[in-house]
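Asks: Got a predicted structure here, sequence first:
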Amino acid sequence: MWVICGVYNMLCAVCYAELGTTIPQSGGEYVYIKRAFGEIPGFVCVWINFLLICPLGIAASALIFSLYILKPAFPNCNVPEEGLALIAAVIVCFLIALNCRNVKWAAKVQVVITASKLIALATVIVIGMYYIGKGETENFQDPFEGSDYSAGAIAISFYSGFWAYSGWSYLNFLVDELVEPNKNLPRAILISMTIVISTYIVANIAYVAVLTPYQMLQSPAVAVTFGDMTMGVMVWVMPVLIAVSVCGTMNGCALTFSRLFFVAAQNKQFPNFMGMIDVKNLTPSPSLLVILVLTLLYTSSKDIFYLIEMEGFGFASVLTMVFAGQIYLRYKEPDLPRPIKLPIILPIVLFLVSLSIVILTFAQKPKESWMALGLVAIGVMLYIICVKWKSKPKGISEKMDKFTLLLQKVLVVIPPENPDEVDWE
C-alpha cells in the first residue's frame, strides 16, 4: 500500500501539473473546479477544504505531536486524553499566532522542521539497515500474514496514504509565483514524489527489521517503540524529532489554506472579514483565527485515526471533482493552451479510482461518510442563503454589515486595496 498510494499520489500530482500550467492561478483545486463546473461546485471544494481537510489535518497532526511528546512519560500505559488534547491545543495556538505575527517567521520555522523530519527518517533507516546487516531478518518471514485484502479495507488504507504523502497539491496554490512553472512544476512534483516514496519504503523496511508487524500495529507511536528498542540513553531524541517534524504539517496547512480562504472571501464565497488582513502585520489573521477555532473543536475528539479518515474522505471527494473537471475541460475548452497535455485516459482512471474510494467508504464507514456529506450539504445551504440570495431584506444586510464592522474593530483588520498584490512573503 505504501507503493500503491505513492504511485497514485504521484499520478495525481502529474495531473495537477497539467491543470496548474493550463490555468496558472493561485487557488489550486478551487480554481480548476470553478472553471469547469461553476461557482457552486467551486464553493463545495473550498467548503470541504475549510471544514474537513484543513482543520482536521492540523488537529490530527497536533494530537500526534502531543502523543510523541507525552508517550515517553507514560511508557507502560496510555497517555491521558486530557493531557493529549491540552498539549495539542497549545501547539496549535502557538503556530497560528506565529502565522498571524509574521509569515516570514513561519517560513523559516518550516526549514527547521523539514531538517528534523529528514534527520528522524535517516536515523530510522540507518539503525534498520544496521539490524539487517547483522542478519536479523526473521520479521520478514510471512510479514503479510493475517492481512485484510477486502476492497473496503484497501479503500480506507488510501486515507493513511493521503496523509503520509500529503503536501504535493500545495504547489498548485502558489503556481503563479513559480519561476517557469511549465518546467519547474512537473519537475518539482516528479523529483520530490520519487524521493518521498523511496524514503518511506526504505524507512518501513527499517521498521520491520526491528519491530514485528504486531508490535507496529499495537504501538500508538511506532517511532517511540522503535527508539525504545534501539537507541538506549538517546531514546528521547526520536520523539522530539518526530514531534518537531509534525509541526511542519500544521504550519504548512495554516500557511497555505489561510491564503485559499482569503481568496474565497475576495470572491464573495466566504464572509467578508476572512478576506481582510491585519493592519500592522499584513497577514490573513481572520482566516487563521477561524482555522484555529475549528481545529480546537476537532482536537477535542482525541481520536487521531478518526480525524485522518475524515480528512481523507474529504480529500478523495475533492480529487474526484478535480479529475471530473479536468476531463470535462478537455471538451468544454478544447483549444485552451495546455503546455503539459497528458493522455486523457490518465485523469479518467484517477477519477474512477477516486470515486471508487469515496463509494467504498460509504460502505465501510457509513456513519462518518454521511456525517461528512451532511456538513457539505449545510455548506451549500449557507452559500445559497448568504451568497446567492441577493435580494435580502435591508435589515438583514445591515446586521451582517454591522457584524463585519465589529469583527474589523476587534481584530484590527482591513480589506486590502489590491488583493492580488498582497505580499505574503
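Replies: Okay, I see it. Numbers count the residues shown, from 1 in each chain.
Asks: so where's the stretch 151-300 of the chain uncertain?
Replies: The model of the stretch 151-300 of the chain has pLDDT under 70 over residues 171-178.
Asks: again, only this time at 50
Replies: Along the stretch 151-300 of the chain, no part satisfies pLDDT under 50.
Asks: thinking residue 91 is in contact with residue 65, fair?
Replies: Yes. Counting by C-beta atoms under 8 Å, residue 65 is a contact partner of residue 91 at 5.4 Å. Heads up, the C-betas are built off the backbone N, CA and C, glycines and all.
Asks: who are the neighbours in contact with residue 285?
Replies: Contact analysis of residue 285 by C-beta atoms under 8 Å, 6 or more residues apart in numbering lists 100, 277-278, 411, 413.
Asks: Checking my notes, residue 404 in a strand, right?
Replies: No. Applying DSSP: H, G, I helix; E, B strand; the rest coil, one finds residue 404 to be helix, outside a strand.
Asks: Look up how far residue 265 lies from it.
Replies: Note on residue 404: its distance to residue 265, by C-beta to C-beta, to the nearest Å, is 11 Å.
Asks: number of nearby residues for the residue lying closest to residue 60 once chain neighbours are set aside?
Replies: Once flanking residues are discounted, residue 60 sits nearest to residue 307: 4.0 Å by C-beta to C-beta, 6 or more residues apart in numbering. Residue 307 has 25 neighbouring residues, counting by other C-beta atoms under 10 Å.
Asks: so residue 307 makes contact with residue 297?
Replies: No. Counting by C-beta under 8 Å, residue 307 sits too far from residue 297 to count as a contact (11.3 Å).
Asks: returning to what we had before: and which of the contacts of residue 285 is nearest residue 180?
Replies: Nearest to residue 180 among these, counting by C-beta to C-beta, is residue 277 at 29.1 Å.
Asks: quick one, strands of this structure?
Replies: Counting by DSSP state E, the chain has strands at residues 277-278, 413-414.
Asks: buried stuff in stretch 288-301?
Replies: 288-292, 294-296, 298-299, 301 (16 or more other C-beta atoms under 10 Å).
Asks: which residues sit against it?
Replies: Contacts with stretch 288-301, where a contact means C-beta under 8 Å, 6+ apart, come from 50-51, 54-56, 58-59, 62-63, 85, 88-89, 92-93, 96, 99-100, 254, 257-258, 261, 274, 307, 411.
Asks: Out of the strands of the chain, which one sits most buried?
Replies: The densest packing among the strands of the chain, expressed as mean neighbour count by mean count of other C-beta atoms under 10 Å, is seen in strand 277-278 with a mean of 18.
Asks: got the contact list for that strand?
Replies: So strand 277-278 is contacted by 100, 262, 283-285, 411-416, 422 (C-beta under 8 Å, 6+ apart).
Asks: out of these, who has the most neighbours?
Replies: Going by other C-beta under 10 Å, residue 284 tops the contacts of strand 277-278 with 32 neighbours.
Asks: Let me see the contact set for it.
Replies: For residue 284, the contact set (C-beta under 8 Å, 6+ apart) comprises 258-259, 261-262, 274, 276-278, 424.
Asks: Can you lay out those residues as a markdown table showing distance to residue 135?
Replies: A markdown table is the format used below for the contacts of residue 284 (distance: C-beta to C-beta, whole Å):
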| residue | distance to residue 135 |
| --- | --- |
| 258 | 51 |
| 259 | 51 |
| 261 | 54 |
| 262 | 56 |
| 274 | 59 |
| 276 | 63 |
| 277 | 60 |
| 278 | 59 |
| 424 | 53 |
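Asks: distance of the closest residue to residue 52 other than its chain neighbours from residue 159?
Replies: Leaving aside its chain neighbours, residue 52 sits nearest to residue 314 (3.3 Å; criterion: C-beta to C-beta, 6+ apart). As defined by C-beta to C-beta, residue 314 lies at a distance of 10 Å from residue 159.
Asks: swap in residue 333?
Replies: According to C-beta to C-beta, residue 333 stands 33 Å off from residue 159.
Asks: ok, the two, which is more surrounded?
Replies: residue 159 (23 against 14).
Asks: before we move on, back to that, the residue nearest to residue 52: neighbour count?
Replies: The number of residues packed near residue 314 is 27, by other C-beta under 10 Å.
Asks: Was I right to think it contacts residue 372?
Replies: Yes. In this structure, residue 314 is within contact of residue 372 by C-beta under 8 Å, at 6.4 Å.
Asks: which residues do those two both contact?
Replies: Common contacts of residue 314 and residue 372, defined by C-beta under 8 Å, 6+ apart, comprise residue 52.
Asks: residues contacting residue 262?
Replies: 274-275, 277, 284, 287, 419.
Asks: Please apply the same query to residue 226.
Replies: Residue 226 touches 124, 127, 207, 210-211, 238, counting by C-beta under 8 Å, 6+ apart.
Asks: distance of it from residue 367?
Replies: 33 Å.
Asks: where's residue 412 relative to residue 16, distance?
Replies: Residue 412 is 37 Å from residue 16, by C-beta to C-beta.
Asks: now swap in residue 236 and tell me
Replies: In terms of C-beta to C-beta, residue 236 sits 39 Å off from residue 16.
Asks: More neighbours: which of these two?
Replies: Neighbours per residue, other C-beta under 10 Å: of residue 236 and residue 16, the larger number sits with residue 16, 25 against 12.
Asks: Hmm, the more buried one is touching residue 168, no?
Replies: Yes. In this structure, residue 16 is within contact of residue 168 by C-beta under 8 Å, at 7.4 Å.
Asks: Nearest spatial neighbour of residue 70, chain-adjacent residues omitted?
Replies: residue 79 (4.7 Å).
Asks: Would you map the helices across the stretch 201-350 of the chain?
Replies: Applying DSSP state H, counting those that start in this stretch to the stretch 201-350 of the chain gives helices spanning 213-218, 222-230, 237-266, 285-299, 304-332, 345-364.
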